[in-house]
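Peer 1: Fold the following for me, if possible:
(chains A and B)
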There are 2 protein chains.
Amino acid sequence: VLGVGLIGGSIGLAARTRADACVRGWDPCREACERALALEAIDELTPDAASAVDGADAVFVATPIGAIVDTTRLALEHAGEDCVVSDVGSTKRLICDSLADQRFVGGHPLAGAETAGVEHARADLFDGATWYLSPAPGTTGVLYERLHGLLRRLGALPTAIDADAHDRMMAIVSHLPHVLANLLVAQAASLFADGDRAPGLPAIGPSFRDATRVAGANSAIWTDIYLSNSDGIISAVDELGRRLEVVRRGLAAGDAAALASWNEAARRYRDALLGAAIAGGPIYELRVSVPNRPGVIAEIALALGRAGVNIVDMALSPSPDNRQGVVALWIAAEERAARARELIAELGFPVARA
Amino acid sequence: VLGVGLIGGSIGLAARTRADACVRGWDPCREACERALALEAIDELTPDAASAVDGADAVFVATPIGAIVDTTRLALEHAGEDCVVSDVGSTKRLICDSLADQRFVGGHPLAGAETAGVEHARADLFDGATWYLSPAPGTTGVLYERLHGLLRRLGALPTAIDADAHDRMMAIVSHLPHVLANLLVAQAASLFADGDRAPGLPAIGPSFRDATRVAGANSAIWTDIYLSNSDGIISAVDELGRRLEVVRRGLAAGDAAALASWNEAARRYRDALLGAAIAGGPIYELRVSVPNRPGVIAEIALALGRAGVNIVDMALSPSPDNRQGVVALWIAAEERAARARELIAELGFPVARA
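Peer 2: Prediction:
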């Protein structure tokens, strides 16, 4: 494992405990190395990347994106003929294009970007997580199969995807939302650009807060992501521009029927995407009005927990004075959502299906 | 009160219990009227809008936006010289432009769009909520002052704002995020337009889910909002287009420094907007890795609740298999955030400052 942060450390932990692997680790940061060793994420530390790779069956390059190509080249140089080399970068096209080697398979586990650092590494980080694999046309079958099997033992769901398709998809479902969050906060801030902030302004509602939650995400990571998928993001931006133009025309024409059907279509798309993304079928949304005192969310979560109803997703929208709010709860399966509604009503909180 | 849904019913409840008012109500929907009466949101039902208004000191028009202008005209026709008439529409310019009467003051309480229907009405719905008021140049001072005083007794914070400025602001902080949510789900859905959905696709991450939470919001309400602020939304869309063009150029040029500083600025904007929006100073974000079993959120919320640490905002991002996840918690005030971090660490969950 070259690069022992959250992802590299978790690969090490999972490989050691679930695949009986002997894990050698290396990281340019001495402190990360020693922490990884102390946390038993790796068996042994090596003085350089080359000796970590020497004699390995599989190599994972888990550095920041900007260092992946160079580190992987080095790994391929020192790895044996029968060693599979993969990476964990959030974008794939540039990396795969730069590393035409039959031992290399591009990878991207969808897990754990939130808490960086090896101290948050966990053996179960990849359980049930999609792990995209982008093999090159010349990738050796036996090495791809070994990597696939190893990832299964780590708990992940390896899914082959063309590097181009991967980056086009990520541009839409991840990178573009980050770009828009950044633009929305800038646009809202420009309302007050003269420094003359009127009292009570701005009134940031839940829709704005949700839309901008990822604004200004970790620059060290995201600058690399933006640059390494700039083509894909530009395409996504251009497509968004065309879609904005259509909405703009509907607004300019005052076309109520077109706007309503556009909005209804969005509802269906969202339900379909959410439903497809989460195992267990369609998701039902409940909205609960609650006083915003400590313990209320706990009370609701406990009541649902006692009844075995799991909360798939949750969003709390506080009122301006923080004294009350609305909790949106997403529950999988209709009968569980109905049960949740009963339980919450029994607690005395107004609750409705959204 | 003309229109006794969630907002009208809550005005009635608050006016009756907090301002000793006698509240007459009318609604075109007979069922809503009877429910409002049963819930004691109003004292008496009238057979038509004109008789509800007759002899009133203050009239609130709380119908859907599309009916506000006509209903308010009717109210102004039958209201006395000394009666203030207001509305609760989410957009203000078209309404205020259509109702040049010195007794009329446009209004927009920022509360309770989530759970429609008089059955969710509450006397405390407006506690601490900004209630925008857009007086016309000719509005009678004594009537404006009466409305302001009444809203204070309802618990709200009346804030005067020019109707144009109101709609420009709402276009950016509310309407544009709704438009973008709709476009993002459509764009993501188009990835699978050929119906050939590969296994494991799409991988909807937390950024996408947050950005699209309001996609396809209630069409009956939102079509009216879009149409009644089409100019403002078009301007916001155009400004976003210009900002997208700047980012597009940065991406095309591969300008890492520009992208990083743009991203850092977004982080500052977001912190400033969040901090300004929520009383109690700057907000600190903690990210906690948790197993996604029933009761975990409850456990954390309870521990924080016992220590008097309130959770301003919360977002749970489940892993693909729903067995684990990351909870983002927003806590006001640095020392409370630090205390929350200690408490969560004591529970054994990995926690970090975002």
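
Peer 1: Now do A:D97 against A:N182, distance only.
Peer 2: 27 Å (Cβ to Cβ, to the nearest Å). For glycine as for every other residue, the C-beta is placed from the backbone atoms N, C-alpha and C.

Peer 1: For the two, indicate the residue with more neighbours.
Peer 2: Shown here are A:D97 and A:N182; by other Cβ atoms under 10 Å in any protein chain shown, A:N182 has more neighbours (27 against 13).

Peer 1: Secondary structure element holding that one?
Peer 2: Applying DSSP states H and E as the criterion places A:N182 in helix A:176-190.

Peer 1: Let me see the mean pLDDT of that helix.
Peer 2: Per-residue pLDDT values over helix A:176-190 give a mean of 93.

Peer 1: Kindly report the same for stretch A:136-151.
Peer 2: Mean pLDDT, stretch A:136-151: 86.

Peer 1: So is whichever helix or strand comes after the helix holding A:N182 next to chain B?
Peer 2: Proceeding C-terminally, helix A:176-190 gives way to helix A:206-211 as the next helix or strand, assigned by DSSP H and E. Yes - applying Cβ under 8 Å from any Cβ of the partner chain, one finds helix A:206-211 touching chain B at A:P206, A:S207, A:F208, A:R209, A:D210, A:A211.

Peer 1: got the angle for the helix or strand following helix A:206-211 vs helix A:176-190?
Peer 2: Of the helices and strands lying after helix A:206-211 in sequence (DSSP H and E), the nearest is helix A:219-228. Angle between the axes of helix A:219-228 and helix A:176-190 is 120 degrees (criterion: axes from the mean of the first three to the mean of the last three Cα atoms, to 10 degrees).

Peer 1: export the helix or strand following helix A:219-228 as CSV, just CAs?
Peer 2: As assigned by DSSP H and E, the chain's next helix or strand after helix A:219-228 is helix A:230-253. Coordinates of each C-alpha in helix A:230-253 appear next as CSV, following Å, rounded to 0.1, in the frame of the first residue of the first chain:
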residue,chain,number,x,y,z
SER,A,230,-11.8,19.1,-16.5
ASP,A,231,-13.1,17.7,-19.8
GLY,A,232,-15.8,15.8,-18.1
ILE,A,233,-16.8,18.7,-15.9
ILE,A,234,-16.8,21.1,-18.9
SER,A,235,-19.2,18.8,-20.8
ALA,A,236,-21.4,18.5,-17.7
VAL,A,237,-21.4,22.3,-17.3
ASP,A,238,-22.2,22.8,-21.0
GLU,A,239,-25.1,20.3,-20.8
LEU,A,240,-26.4,22.1,-17.7
GLY,A,241,-26.1,25.4,-19.6
ARG,A,242,-28.4,23.9,-22.3
ARG,A,243,-30.9,22.7,-19.7
LEU,A,244,-30.8,26.1,-18.0
GLU,A,245,-31.6,27.7,-21.4
VAL,A,246,-34.7,25.5,-21.8
VAL,A,247,-36.0,26.4,-18.3
ARG,A,248,-35.2,30.0,-19.0
ARG,A,249,-37.4,29.9,-22.1
GLY,A,250,-40.2,28.2,-20.1
LEU,A,251,-40.0,31.0,-17.5
ALA,A,252,-39.8,33.7,-20.1
ALA,A,253,-42.9,32.3,-21.8
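
Peer 1: Whichever helix or strand comes after helix A:230-253 and chain B, any residue contact?
Peer 2: Sequence order places helix A:256-277 as the next helix or strand after helix A:230-253, per DSSP H and E. Yes - against chain B, helix A:256-277 shows contacts by Cβ under 8 Å from any Cβ at A:256, A:259-260, A:262-274, A:276-277.

Peer 1: are any of those buried, and which?
Peer 2: A:259-260, A:262-263, A:265-267, A:269-274, A:276-277 (16 or more other Cβ atoms under 10 Å in any protein chain shown).

Peer 1: between those residues, which is nearest chain B?
Peer 2: Among those, A:R267 lies closest to chain B (Cβ to the nearest Cβ), at 2.5 Å.

Peer 1: For the closest residue to the closest one other than its chain neighbours, list the residues it contacts.
Peer 2: Among residues not flanking A:R267 along the chain, B:G216 sits closest, at 2.5 Å (Cβ to Cβ, 6 or more residues apart in numbering or on different chains). Applying Cβ atoms under 8 Å, 6 or more residues apart in numbering or on different chains, we find B:G216 in contact with A:N263, A:E264, A:A265, A:A266, A:R267, A:R268, A:Y269, A:R270, A:D271, B:N182, B:V185.
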